[in-house]
Structures are given as structure tokens and as C-alpha cells.
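A.B. asks: need a structure here:
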Amino acid sequence: MITGLGALTPIGNSVGEAWEGVCSGRSGIGPITKFDCSAHETKIAGEIKNFDPLVHVNKKELRRYDDFIVYALATADMAMNDAVLNIANDQAERAGVIIGSAIGGLPTLEKEKENILRAGPRRISPFAIPAALANLAAGHVSIRYQLKGPINCPVTACASGTYAIGDAFRMIAWDYADVMVAGGVEAVVCPLAVGAFNAMRALSTRNDDPEKASRPFDADRDGFVLSEGCGILILEEYHHALKRGAKVYGEIAGYGITSDAFHMAAPPPGHEGAARCMTAALRDAAMLPADIDYINAHGTSTPINDIYEAQAIHNVFGDQVSRILVSSTKSMTGHMLGGAGGVEAVFAVKAIEEGIVPPTINLNQPDPAAGELDFVPNIARKKDVRTVMSNTFGFGGANAVLILKKFQP
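C.D. replies: Below is the predicted model of the structure:
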């Protein structure tokens, strides 16, 4: 059961703000302010705005933690408060945390490299490694809430957040835990990440019109927009949630993971690995393609990925594709890398709860190669959403798909 939600995104610093943002088609993309990007080809990103970290961490912690850890703690606070969940000492070993991150504390490593070049190794902070390690987001959430059960940090590129939620779902299904805090986080709007993705020709350079830069499935797309953010779900075993009278948003019905075994950064034509992953999630949920109402697509706004994902959806859903709504909320949030799966799972839950499918904005001229999919262009649509498939695919051929469904007591 899903009993709590938390989100920190470029379009809002809470679940309510972020959901209102995607439903209204508001873009969170703007000029980079976190560093001097004048020498970079890309000068835009999806940054967290108007966020006060001192609501969630003290000044000493703020100096010691990389932003991705701060974001994870803040979002976990939101989700735990939303779930009205307190873990007693005798329950601690049955409560765990899995939070994925693709890159972890890269900005900290950049800063410490500058310190060593400027003043030598004695200037390196003793907190450099703990601030940079990707698993420390999960670690600090575990410490804060005294969660002594399973702990993990999937590092599977842009699929990390989805792996985290799916693995947490399995921890409960396999009776390793009754409660899991699960999601994904990323905070790498920094010189090295932007420069490295530019070197790969992966990022949009639509610097003069940032709000229109992320345009999944549009014929005029030119790359993804790097963003930061975090999304976390509280998962509970059914009887545990029922016993304490928890509000239930919905449930995880299926989880699929596959590997492309093809290329370090590109999917194969037709993305058969994604197709196998969607099929695996359907099989795990004991569902048919006809049972899915909405697909929150990976939809990164890159020339190859969008088309190959669309082809995979056509291959899996066959004659059902004309019925199913497909949209990419990355058109508004940008691509949060390891944080994307967590935030998009939150949006999937809200789509079920509110009966609204978010749009794909900036979709003015759909790429003909994407076929006949209904991408919900530019305006959100009301629909009775019972089931959502959430797709995430990452470098190295890592594919992860969740199926979420309405809770039926």
C-alpha cells in the first residue's frame, strides 16, 4: 500500500505544488543560477527554487551534506508526515529505506578537487566522502527515523528511483519489512555534469527559450534538460496500514526490470529491452495491456530515446495504443536523472487519486516516427485512471517499469 508522498521538484517544493504545476502545464526550466555557466554550451536547467533547507537540517548538517542528501531528508520528512507514521522501537527492524541516485554527491567532489588543487590535500573536508557517497541519502533517512530494516541504494542511472521503489515493494512482498521509505534523488546541476552531458551532445541548447527546451516526442526536440529533485513514497504492508488506519493512496501492482545488453548510453532500435520490461511488469501485476489506462513515459526529449520508447509501447500494446494516454512530465520538470522515477511515481499516484492525466507540453509537432500515440499534448485531461505504468530507462541498458493501481479495499 502507498500511504505517504513527498516531492521536491523544479515546479514545486511539495507534492501539492508539483502536482498543480504539471496539471497546469507549467515549466520549471530556467537559466542556471547555481554556477557560472558562461563557458558552457547549455545554460539552462531545472533547479529547485525558493527552498529553505534549514527547515529540514541544521546549519552544521547543511555544511556537511551534499544537496542530494538534504533533498532526500526534506522529501522523506514530507512523506513521513503525510503518512502520519511513527516507527516505534519494537517496529524498527521491520522498517527500511531504499533511495536511488544515479550520481550522488558530484558537486562535493568538484568542490574538494578545487580545494586540493588550490591548497593541497590538507584542505579536504573530513566529510567529503560521506557527503559524496550515493547511499548516504538512504543512510541519513535511516538514521533520522531509526529505520533498522533493509537499506539500499540502487545506482542504475536514470532508472535508479524506479528500481528503489520496485525493490522496496519486493522487500514487503517477501516479508523482509512492513514499512519502506522508497524513491530517488539527484542534485547535479554543476559544471562537471552539465559539461559532460554537453560533451555527449545529450543536452538541449535552447538557451534563449528555456521553458520550451524540454519537448518530448516533438519533431523539434534537441536534447534533454538536466534537473534536480527528489520523490519519495511510503510503502506499507496491507495489514500494517489497515491496523493503524492509514490513508491509502493506491498500491504497487507490478514491477519489471530488464537489461538491453546493447550499448553504454543508447537503447537498441525499437528498444526491445524496454518492451520486455513493460511486459515483465504486466506479467508481475497479472494484467493485460488492456488493463492500463495511462503511461507516464520516460520521454526524455532526446532524438533517439523518444522514438524507440514509442516503438516499444506500440510493440507491447498493439491495438490498445489508440486507447491509452501517454505523457511525459519531463516536459515540465526536465530530467532529474536518478530522481525522475521517484517523482514520476508520485505523479502516477496523483493521477489515480485525482483522475487527471498531466500533459506533454511543448508538443507542437509530434514526430511522425512516434506513431499514433496520444501524448496528451499541452493540456491536462480528465480521465478515470485506475492503473498507471511508469517507465524509466537508464545508461548501461538498465530498464525499470512500475505499475500502480487504485486501491480496492
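
A.B. asks: Quick check, pLDDT for residue 408.
C.D. replies: Residue 408 carries a pLDDT value of 86.

A.B. asks: actually residue 143, not the one I wrote
C.D. replies: So residue 143 comes in at 98 (pLDDT).

A.B. asks: what's the burial count for it?
C.D. replies: Around residue 143 there are 12 other residues, counting by other Cβ atoms under 10 Å. Bear in mind the C-beta positions are built from the backbone N, C-alpha and C, glycine included.

A.B. asks: isn't there a helix covering it?
C.D. replies: Yes. The assignment for residue 143 (DSSP: H, G, I helix; E, B strand; the rest coil) places it in a helix.

A.B. asks: Check the gap between it and residue 283 for me.
C.D. replies: Residue 143 sits 37 Å away from residue 283, going by Cβ to Cβ, to the nearest Å.

A.B. asks: which outside residues touch stretch 108-124?
C.D. replies: The contact list for stretch 108-124 (Cβ atoms under 8 Å, 6 or more residues apart in numbering) reads 66, 125, 128, 131-132, 190-192.

A.B. asks: Quick check: buried residues in the biggest helix by length in the chain?
C.D. replies: Counting residues, the longest helix found in the chain (DSSP state H) is helix 67-83. By 16 or more other Cβ atoms under 10 Å, the buried positions in helix 67-83 come out as 67-80, 82-83.

A.B. asks: Which elements pack onto the helix or strand that that helix is followed by?
C.D. replies: Going down the chain from helix 67-83, the next helix or strand is strand 95-100, by DSSP states H and E. Contact here means 3 or more Cβ pairs under 8 Å, 6 or more residues apart in numbering; DSSP states H and E; on that basis strand 95-100 packs against helix 67-83, helix 136-145, strand 151-152, helix 160-173, strand 179-186, helix 340-354.

A.B. asks: So residue 211 is in contact with residue 29, correct?
C.D. replies: Yes. Using Cβ atoms under 8 Å, residue 211 is in contact with residue 29, at 5.6 Å.

A.B. asks: Let me see the ranges of the strands in the stretch 301-409 of the chain.
C.D. replies: With DSSP state E, counting those that start in this stretch applied, the stretch 301-409 of the chain shows strands at 325-327, 356-357, 381-382, 387-394, 398-405, listed in chain order.

A.B. asks: what's the distance between the last one and the middle of its chain?
C.D. replies: Taking Cα atoms, centre = their mean, to the nearest Å, one finds the center of strand 398-405 at 11 Å from the center of the full chain.

A.B. asks: picking that back up, what about the helices and strands packed on strand 95-100, which gets the closest to residue 100?
C.D. replies: Among those, the nearest to residue 100 by Cβ to Cβ is helix 160-173 (3.1 Å).

A.B. asks: helices or strands up against that closest one?
C.D. replies: Short answer (3+ Cβ pairs under 8 Å, 6+ apart): helix 160-173 packs on strand 95-100, strand 179-186, strand 229-236, strand 251-259, helix 340-354, strand 387-394, strand 398-405.

A.B. asks: Can you give the domain ranges for the protein?
C.D. replies: Domain ranges of the chain: 2-243, 255-405, per automatic domain parsing.

A.B. asks: related to what we said a few turns ago, looking at the buried residues of helix 67-83, which is nearest residue 385?
C.D. replies: Nearest to residue 385, judged by Cβ to Cβ, of the buried residues of helix 67-83 is residue 82 at 20.1 Å.

A.B. asks: quick one: contacts for that closest one?
C.D. replies: Contacts of residue 82 (Cβ under 8 Å, 6+ apart): 4-6, 15, 234.

A.B. asks: Now for those residues: which two are most distant?
C.D. replies: 15 and 234 (11.9 Å).

A.B. asks: any common contacting residues for those two?
C.D. replies: In contact with both residue 15 and residue 234: 5, 82, using Cβ under 8 Å, 6+ apart.

A.B. asks: tell me the contacts of the closest residue in space to residue 153 that isn't next to it in sequence?
C.D. replies: In space, and not counting its chain neighbours, residue 153 is closest to residue 135: 3.7 Å by Cβ to Cβ, 6 or more residues apart in numbering. Listed by Cβ under 8 Å, 6+ apart, the contact set of residue 135 reads 104, 151-153.

A.B. asks: which ones among the contacts of residue 82 are found in helices?
C.D. replies: Among the contacts of residue 82, DSSP H puts residue 15 in helices.

A.B. asks: Any of the contacts of residue 82 buried? List them.
C.D. replies: The neighbour-count criterion (16+ other Cβ under 10 Å) marks 4-6, 15, 234 among these as buried.

A.B. asks: Can I get these in CSV including pLDDT and distance to residue 324?
C.D. replies: Shown next, in CSV, are these (pLDDT from 0 to 100; distance: Cβ to Cβ, whole Å):
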residue, pLDDT, distance to residue 324
4, 98, 28
5, 98, 24
6, 98, 28
15, 98, 25
234, 98, 28
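
A.B. asks: out of the residues you listed, which one sits closest to residue 218?
C.D. replies: Taking the buried ones among the contacts of residue 82 together and measuring to residue 218 by Cβ to Cβ, the closest member is residue 15, at 27.6 Å.

A.B. asks: What separation is there between that closest one and residue 86?
C.D. replies: 20 Å.

A.B. asks: ok, the nearest residue to residue 142 once chain neighbours are set aside - contacts?
C.D. replies: Leaving aside its sequence neighbours, residue 142 sits nearest to residue 97 (Cβ to Cβ, 6+ apart; 4.9 Å). Residues in contact with residue 97 (Cβ under 8 Å, 6+ apart) are 76, 138, 141-142, 145, 147, 150-151, 180-182.

A.B. asks: Pick out the most distant pair among these.
C.D. replies: The widest separation within the contacts of residue 97 (Cβ to Cβ) is 15.5 Å, between 76 and 150.

A.B. asks: about what we covered before: quick one: which of the contacts of residue 135 has the most company?
C.D. replies: residue 104 leads the contacts of residue 135 on contacts (other Cβ under 10 Å) with 25 neighbours.
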